[in-house]
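A.B. asks: Requesting a structural model of the entry that follows:
(one chain, ligands or ions: 1)
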Amino acid sequence: MADTDLMDKVVSLCKRRGFVFPGSDIYGGLANTWDYGPMGAQLKKNISDAWWKFFVLDRDDMVGLDAAILMNPRVWQASGHVDCFNDAMVDCKECKSRHRADHLIEDALPEEKVEGLSVSDLDALIKKNEIKCPKCGKVDFTDARVFNLLFQTHIGPTSNDSEPVYLRGELAQSMFVNFKNYMDTSRKKIPFGIAQIGKCFRNEITPGNFIFRTIEFDLMEFEYFVKEEDWEKKFDYWLLEMKRWLAFVGIDEKRTRVREHTEDELSHYSKRTLDIEFETPFGWKELYGLAYRTDFDLKNHMEKSGKDMRYLDPQTNERYIPHVVEPTFGLTRSVLMVLLSAYTEEEVEGDVRVVLKLQPEIAPVKVAVLPLSNKLNDDARKVFDELKGHFASEFDVTGSIGKRYRRQDEIGTPYCVTFDFDSLEDGSVTVRDRDSMEQERVKIEELVSYLKDKF
Ligand code: GAP
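C.D. replies: Below is the predicted model of the structure:
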């Protein structure tokens, strides 16, 4: 399958089967906003629940946080986001399309290094090389100018007399500004982490590629506080854990790679960063990140807020500002990469079968109960009623049995349970495995434990 085909097919399946719809569709949409339908909302929730269990509940060195999206604007001044969270952009004077200057150069001149270049350097490169507009082919761009990615809004009835507040551009700052609260209340000893899942907002210049780069997205992230001398050991450890998570959630490891940030590319807060990239149909792209943020953030907040952010070591009585290793996981990007990894086409008896081979843990529907005939609906429903307390289940009565299998394959349901006329006699049903399509006859009274064993 050609790569572009794969993307088109996944986007089309997402709409057809209720995973993802264009945002505000009936009003013509709002560019790069997406709504998650019944299957997508459940898939996204299952991934975030699995992440929370994997990185928080199953460990004793991690605690959770659910912070406000709006914070005192001084947080974003102290963090450097007001001054440094910028991209350079240019507009095509001919077709009015807008482009990120660094992306424009990278695409036109792949050998050129753009990391760390100033706006005027980027501008000069575009002009010197007469880079064409990818949309209309003209060479006629405005001068490059800086654009801050933080979304601004105002609190109160009038916007004129209040200072702007920002929709958070990353989760991390809420972990840092709460660090003192955690020290005072949670009894955690270093090393430990504060984890959070939530919405972030970035006024991206060139969003796109479906749910890959959007202006509003969900992040799963933790700040892991360590002694300075331990950061490298913990950095290596978390990289291994991130790889273990990839396999657990069903992201095809063969299509991932680790890329080290060059010195010029590092964010203003980081001394070392790695990206875990995924080979998407539109090239190698960042999926997750792992950064060593030093003590930059806590130190800044201590200076700017005047509050003591030092940790008191209970054993040595030493007070110090901890250093931070930060693994970060795009949730909406995880949804896309899981779908790209799971999408499969198989030839079955001269027909193409589309299957989402999702990990059973994250499949939106775990079991579907399908009565073979409408006459069997009442009896089959009793089986569904029994199962639904144990597994996310569906009762599906519409269409031929073949069509119903096909629909369940397309939404990634691991097991279908068919209730037929023999079921009335022998008290058994047929369980069909999504991947092997093998069928097995199982006693209804043993069905829950049979499926529990399977999961
Ligand atoms: N606290 C560090 C931080 O926010 P980042 O690399 O800027 O780091 C973290 O973003 C992750 O968020 C990325 O690895 C990616 O998965 C996801 N992400 C970033 N921008 C995004 C966007 N515009 N749309 C969807 N996901 C995005």
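A.B. asks: can you list the residues of the chain near the ligand?
C.D. replies: 170, 172, 202, 204, 213-214, 217, 219, 221, 286-289, 326, 328, 330, 332-333 (Cβ under 6 Å from any ligand atom). From N, CA and C alone the C-beta is placed, and that goes for glycine too.
A.B. asks: Just the buried residues of those residues.
C.D. replies: Neighbour-count burial (16 or more other Cβ atoms under 10 Å) applied to those gives 170, 172, 202, 204, 213-214, 217, 219, 221, 287-289, 326, 328, 330, 332-333.
A.B. asks: The closest residue to E440 other than its chain neighbours: which element?
C.D. replies: In space, and not counting its chain neighbours, E440 is closest to V431: 5.1 Å by Cβ to Cβ, 6 or more residues apart in numbering. Element membership of V431, judged by DSSP states H and E, is strand 428-433.
A.B. asks: quick one: strands adjacent to that strand?
C.D. replies: strand 415-419 (antiparallel), strand 439-443 (antiparallel) (DSSP bridges).
A.B. asks: Just the C-alpha atoms of it, please, in CSV.
C.D. replies: What follows is strand 428-433, C-alpha atoms only, in CSV (Å, rounded to 0.1, in the frame of the first residue of the first chain):
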residue,chain,number,x,y,z
SER,A,428,-23.2,-22.5,23.6
VAL,A,429,-22.1,-19.6,21.4
THR,A,430,-19.4,-19.2,18.7
VAL,A,431,-16.5,-17.0,19.6
ARG,A,432,-14.6,-15.5,16.6
ASP,A,433,-11.0,-14.2,17.0
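A.B. asks: Please give me every residue in contact with whatever residue of the chain ends up closest to the ligand.
C.D. replies: For the chain, the residue closest to the ligand is G330, as judged by Cβ to the nearest ligand atom, at 2.2 Å. G330 makes contact with 217-220, 287-288, according to Cβ atoms under 8 Å, 6 or more residues apart in numbering.
A.B. asks: I131 contacts V139, correct?
C.D. replies: Yes: counting by Cβ atoms under 8 Å, I131 touches V139, with 7.0 Å between them.
A.B. asks: More neighbours: those two, which one.
C.D. replies: Shown here are I131 and V139; by other Cβ atoms under 10 Å, I131 has more neighbours (19 against 13).
A.B. asks: Can you pull the phi and psi angles for the more buried one?
C.D. replies: phi -70, psi 140 (degrees, to the nearest 10).
A.B. asks: residues near E440, how many?
C.D. replies: So E440, with other Cβ under 10 Å, has 12 neighbours.
A.B. asks: cool, and W238?
C.D. replies: W238: 19 neighbours (other Cβ under 10 Å).
A.B. asks: go on, the one 4 residues further on?
C.D. replies: The burial metric for M242, expressed as a neighbour count using other Cβ under 10 Å, is 21.
A.B. asks: Quick check: it touching E326?
C.D. replies: No: look at M242 against E326 with Cβ under 8 Å: they stay out of range, at 11.4 Å.
A.B. asks: Go ahead and name everything in contact with the strand holding V431.
C.D. replies: By Cβ under 8 Å, 6+ apart, strand 428-433 touches 383, 405, 414-420, 422-423, 438-444, 447, 450-451.
A.B. asks: Could I get the strands paired with strand 428-433 in JSON lines, plus columns for mean pLDDT and distance to D87?
C.D. replies: Shown next, in JSON lines, are those (pLDDT from 0 to 100; distance: least, Cβ to Cβ, whole Å):
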{"stretch": "strand 415-419", "mean pLDDT": "97", "distance to D87": "47"}
{"stretch": "strand 439-443", "mean pLDDT": "96", "distance to D87": "54"}
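A.B. asks: Please render those as JSON lines that adds distance to G399 to the earlier fields.
C.D. replies: JSON lines is the format used below for those (distance: least, Cβ to Cβ, whole Å):
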{"stretch": "strand 415-419", "distance to G399": "13"}
{"stretch": "strand 439-443", "distance to G399": "19"}
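A.B. asks: most tightly surrounded among those?
C.D. replies: Of those, the one with the most neighbours on average (mean count of other Cβ atoms under 10 Å) is strand 415-419, at a mean of 24.
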